[in-house]
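Novice: sequence-free structure coming up:
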């Protein structure tokens, strides 16, 4: 599993703890949050979880990162997308593509990819096309309101991926991505068509319903 935009590591920690034989890589580019991620890994003694201090994008090099100023808690919406947030501090941070990282590290299989890149999800996917074509991973991706998702909408279905909106109650099969404001409604599961039966089996075992959204609702 690879977690892009891991923050302090909640989802990466859960994945590594739930399946000790699984290797997990967690990417977090903001230095002081990365330090917290590393401490959480050490605190939980997870030898199968590795933290990577780098932003994942569509280029290898460096990018200006806009770190949100906050007086309360840890910023969770810092981004390399200029204008995404107003009150920010700018820092140059290294970037890498997922394809390049996979090649450098000799990772020969990816089963699950989670992306929470604060308005740059399309760039992450663009830089991961070789890996996605080769491994056909399940992808959990944040889909925000008022962000252009046309690249994802055009690219993934053409590769045989299906969209499932993750709600608190069920998975809803959608033909089109629809961004959401509420935190609980922002994530989609992208599933390769050939793995749909595996998804059905997992959901049946866990008691999670899968619903087919109507075309009328999709076009609303």
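Specialist: Sure, I can see it. Being a predicted model, the structure only gives us computed values, none of them experimental.

Novice: Taking the centroid of this structure, which residue is nearest it?
Specialist: Nearest to the mean C-alpha position of the chain, counting by C-alpha atoms, centre = their mean, stands residue 115 at 1.0 Å.

Novice: What pLDDT is listed against that one?
Specialist: The score at residue 115 is 94. That number is its pLDDT.

Novice: List the residues that contact residue 2.
Specialist: For residue 2, the contacting residues are 24-27, 98, 110, 112-114, by C-beta atoms under 8 Å, 6 or more residues apart in numbering. C-beta: built from backbone N, CA, C; applies to glycine.

Novice: one step back: how about the residue nearest to the centre of the chain, what does it touch?
Specialist: Taking C-beta under 8 Å, 6+ apart, one finds 4-5, 121, 124-125, 139-142 in contact with residue 115.

Novice: counting contacts, what elements does the helix or strand harbouring residue 141 pack onto?
Specialist: For residue 141, the enclosing helix or strand under DSSP states H and E is strand 138-142. Here strand 138-142 touches strand 112-115, helix 121-126, strand 187-192, going by 3 or more C-beta pairs under 8 Å, 6 or more residues apart in numbering; DSSP states H and E.

Novice: List the buried residues for the helix or strand following it?
Specialist: Next in sequence after strand 138-142, counting helices and strands by DSSP H and E, comes helix 150-158. Of all the residues in helix 150-158, those buried under the rule 16 or more other C-beta atoms under 10 Å are 152-153, 156.

Novice: again, but for stretch 27-45
Specialist: Taking 16+ other C-beta under 10 Å as the neighbour-count basis, stretch 27-45 is seen to contain the buried residues 27-30, 33-34, 36-38, 40-41.

Novice: now, among those, which is nearest to residue 194?
Specialist: Of all those, residue 194 sits closest to residue 27, with 27.2 Å by C-beta to C-beta.

Novice: pLDDT score assigned to the closest one?
Specialist: In this prediction, residue 27 carries a pLDDT score of 96.

Novice: That one and residue 58, how far apart?
Specialist: Summarising the geometry, the distance separating residue 27 from residue 58, computed by C-beta to C-beta, to the nearest Å, is 14 Å.

Novice: Same question for residue 33.
Specialist: Relative to residue 58, residue 33 is positioned 22 Å away (C-beta to C-beta).
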